[in-house]
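Engineer: Okay, here's the prediction I keep looking at, along with the sequence it came from:
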Amino acid sequence: MNPVKNFITAITASKNLSNKTIKAYENDLNQYIKFVGMAKIPVNKNVLYSFVEFLKTNNCKDATIKRKLVTLKLFYKYLFSEHIIKSNPFYDIKFTFKQEKRLPKTLTTVEISKLLKCLYMAKCNAKTPFALFESTRDLCLVDLLISTGIRIGEAIAIKHEDISFQDKTVLIHGKGRKQRLLYISSKETLINIKNWLYFKKANGIKCDYLFVNKYLQPLSIYSAENIFSKYRNLSKINHSATPHYLRHTFATNLLSNGADLRSVQELLGHANISTTEIYTEVSIARKRQVLMKYNYRNKIINDNLNIFS
C-alpha cells in the first residue's frame, strides 16, 4: 500500500483541483516522506516541528512552508479517516507565521511601450520563415498578456475554439478549473491574434492550442517565460521582471484609471476580493509618488507668505 499514491488518487477524484496543484501536493508529500525516512508514517507532532525547522534552514519562504503544511494536514486527515493511523498530530498543533505583505511589482507604461516596440521590431526584421514564426507568435503572446492581465498558464491553455472575433472575446480557463470570459478591448491585440492564426493556417499548423513551440506542440510555461525574458532583455526594461509583472501592471492601471474593485476581481479571476485589494495599495503608492515628484505646489516656498499668521 502506498498512502501517498492513494491520497493523491482520492483528492484528485473528490476535489476540483488543477493538475498543477495536484502535482504540488505530490511533491510536498514525497519531500516529507524522504525527510522522515521511514516506511511507517509518523504521528508524532515533534516530527512536524522538525520538518518545519528543516524547511526554514533550507531558506524556504513562509508562504511555501504554509503550503506544505496545508498538504500535510490534508494528508493526515485522510490517513485518520481511513483508519491508517489512530491519531492525528494536527489536532493539537498550530503553526503561525509572520508574513511580510509585499506589494505587487509592476512595469511603467514607458517600459510596456519599449517591450511592445521590441516585439514589433523583431517581427519587422524577421529574415527567415522560422524567425517570422517566432516573432509573430511572441508578439501575439506578450500582447495578450498585456491587454488582458491573464496568467501565463491561462494563456498557454487557450485553444482556437476559445476565441470569438465576432464578440471580441476569449474564454479563459482559470485556477480551480473556473472559466471566465474576457473582452479584448485593444484593436492591435486582436490584429496580432488574427495574424498569428493566419500564419498557423497558411503554414499548415494544425495544433488546436493557440500557442505552439518549434515542434508544433502546445507551448509550455517554461518556454513562455523564456519568450518574455528574451524580449525583456532586448528592450532593456526592468531586468527582474517576470510575466506576472504584466498581470500586476494590468490590475494596477485599471484601478488607477477608476475601475471598481469588484470588476477588477472578476477580470483577474480572483476567488476572494481580498487578493485584489492589494492592487489598491499599489495604485495609491503610485499616485503618491507622482504627486510628490510633479505637483507644482510642492515647490512653492512659504517663507514670505505668512500674512495670515
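Structural biologist: Structure's in. What do you need?
Engineer: sec struct for Leu171, please.
Structural biologist: strand (DSSP: H, G, I helix; E, B strand; the rest coil).
Engineer: quick one, what contacts it?
Structural biologist: Neighbouring residues of Leu171 by Cβ atoms under 8 Å, 6 or more residues apart in numbering: Ile158, Asp162, Ile163, Gln179, Arg180, Leu181. Yep, even glycine has a C-beta here, placed from its N, CA and C like the rest.
Engineer: Please report which of the residues you listed has the highest neighbour count.
Structural biologist: Ile158 (21 neighbours; other Cβ atoms under 10 Å).
Engineer: looking at this, Met121 is in a helix?
Structural biologist: Yes. Counting by three-state DSSP, Met121 falls inside a helix.
Engineer: what's the span of stretch 199-219, first residue to last?
Structural biologist: For stretch 199-219, the first-to-last residue distance is 16 Å (Cα to Cα, to the nearest Å).
Engineer: Going by neighbour count, which residues in that stretch are buried?
Structural biologist: For stretch 199-219, the neighbour count (16 or more other Cβ atoms under 10 Å) marks Phe199, Lys200, Cys207, Leu210, Phe211, Val212, Asn213, Pro218, Leu219 as buried.
Engineer: residues contacting the closest residue to the last one other than its chain neighbours?
Structural biologist: Excluding its sequence neighbours, the residue lying closest to Leu219 (Cβ to Cβ, 6 or more residues apart in numbering) is Phe211, at 4.0 Å. Applying Cβ under 8 Å, 6+ apart to Phe211 gives the contacts Arg137, Cys140, Leu141, Ala155, Ile156, Ile158, Pro218, Leu219, Ala224.
Engineer: Just the ones of those residues in helices?
Structural biologist: Arg137, Cys140, Leu141, Ala155, Ile156, Ala224 (DSSP state H).
Engineer: quick one: which of these is most hemmed in?
Structural biologist: Result: Leu141 is most packed of the ones in helices among the contacts of Phe211 (other Cβ under 10 Å), 27 neighbours.
Engineer: What's the separation between the nearest residue to that residue once chain neighbours are set aside and Ala155?
Structural biologist: Spatially, and ignoring its direct neighbours in sequence, Leu141 is nearest to Phe211 (5.7 Å; Cβ to Cβ, 6+ apart). As judged by Cβ to Cβ, to the nearest Å, Phe211 and Ala155 stand 7 Å apart.
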